[in-house]
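*Asks:* My questions concern the predicted model and sequence given below.
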Amino acid sequence: MRQLVLGLLLGAAGCLATQSVTAAAEPVLIARPDAFKTLVNPPCSYCVTEARRRAGELKPGEPVLSWTRFAHEGGAIQYRFFLEPYRVISDTYGVFVYDPDAGFARGFKRSLDFKFHGWRNGVMVMKHKDGTLFSCLSGRAFAGPRKGQRLQAIPTITTHWGYWNAAYPQSVNYRMFEKYQPIELTKSPNKDSLRSRGPADKRLASQAEVIGVSHGGKTKAYPLALLANSGGLIRDTIGGKPITVLWYAPTRTAAVYAADVDGTKAEGYKSTRQVTLVLDRTARSAPFVDLETKSHWGIEGRAQAGPLKGRTLRWVDSVQCRWFAWSAEYPDTLLHAAAAAKGKKAAASK
């Protein structure tokens, strides 16, 4: 009996440590495939062209999901015109998803075969044409022929139209025909998303915004509030691999990179060198500077000035989302040490 009581006490304490206790309840899946029509392979244009076409409707501060690599230096997708009404875009540039309840937007490897399906654990689900169901947050298949497989995430950030269009006007945008009309972003929670949620992980408030990172076989979450208070840069290690977590306050954008600079096509895209980033707050649009070459880098991980201009940092699989969603997808996720210590102190005071 004494051992049993001790085990229960240790288990309760573990809920507040850097490792979570997996909830016993089975995840709830709520299928609503007709709730949103999926946008498949829409015609493309360029940011500079669409900025002229819809100049009176595009607002500098409106959110966009930007993919930050590949041809044309990537591209941008406006939430109000494309992600809010469709939620899943299945395209030759990538599969792009937006879940306002779980607080994330991100991209996966290109495909024309996905459609919106519903919610599971409060997180959006999409369905492949072969019947496999995938989490839109982690990209993991949890049911169907490819159960256990995981989609390849592509480098994306969430930012503002004004920032992206100023920095990369020649990058890709979708052609904004008249049928694409702006829709105000969702503010009230979706009832089906709420119904599908399981028990909350008490280490953070369920709606706390984090950037979740998957790297080296491990996962870890960094609260955005912690990033903002850190000054905009945190160096850390996950799964034995060093990473740098960046924060750009003007657009409330977080991003995670390895220390490696990506090579060119001629170099086989292999890492050519390593850099150490530091903050330079005098450079508004590119406030991250590497000590080795003094090149200035933007939050998208591309050098905007200096000897390495145009080169990119190696992106680490990461996504801004709400804590309830990240911890549901990754119940064993680590929590950054400073945030974990704060959570323990708050729990002890109750």
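*Replies:* Sure thing, it's come through.
*Asks:* quick one: the strands in the stretch 251-350 of the chain?
*Replies:* Using DSSP state E, counting those that start in this stretch, the strands of the stretch 251-350 of the chain run over residues 253-261, 273-274, 277-279, 288-290, 296-297, 303-305, 313-315, 318-322, 334-335.
*Asks:* Would you format those as TSV with mean pLDDT and mean neighbour count included?
*Replies:* Any C-beta I mention is one placed from the backbone N, CA and C, and that applies to glycine too. Below are these laid out as TSV (pLDDT from 0 to 100; neighbours: other C-beta atoms under 10 Å):
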stretch	mean pLDDT	mean neighbour count
strand 253-261	95	22
strand 273-274	90	14
strand 277-279	94	16
strand 288-290	96	23
strand 296-297	96	24
strand 303-305	94	19
strand 313-315	95	22
strand 318-322	98	25
strand 334-335	96	24
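*Asks:* Indicate which one of these is closest to residue 27.
*Replies:* Residue 27 lies closest to strand 318-322 among the strands of the stretch 251-350 of the chain, at 16.4 Å (C-beta to C-beta).
*Asks:* List the buried residues of stretch 147-162.
*Replies:* In terms of neighbour count (16 or more other C-beta atoms under 10 Å), stretch 147-162 has its buried residues at 151, 153-162.
*Asks:* Same list, these, but as a markdown table with pLDDT please.
*Replies:* Listed next are these as a markdown table, based on pLDDT from 0 to 100:
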| residue | pLDDT |
| --- | --- |
| 151 | 98 |
| 153 | 98 |
| 154 | 97 |
| 155 | 97 |
| 156 | 98 |
| 157 | 98 |
| 158 | 98 |
| 159 | 98 |
| 160 | 98 |
| 161 | 98 |
| 162 | 97 |
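*Asks:* TSV for these, including distance to residue 319 and secondary structure?
*Replies:* Below are the buried residues of stretch 147-162 laid out as TSV (distance: C-beta to C-beta, whole Å; DSSP: H, G, I helix; E, B strand; the rest coil):
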residue	distance to residue 319	secondary structure
151	13	coil
153	8	strand
154	11	strand
155	11	coil
156	8	strand
157	10	strand
158	9	strand
159	14	strand
160	18	strand
161	20	helix
162	22	helix
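*Asks:* where does this structure dip in pLDDT?
*Replies:* Within the chain, the stretches with pLDDT under 70 are 1-25, 264-270, 339-350.
*Asks:* if you take the average position of it, which residue is closest to it?
*Replies:* Residue closest to the mean C-alpha point of the chain, counted by C-alpha atoms, centre = their mean, is residue 319 at 1.9 Å.
*Asks:* Thanks again, I'm all set now.
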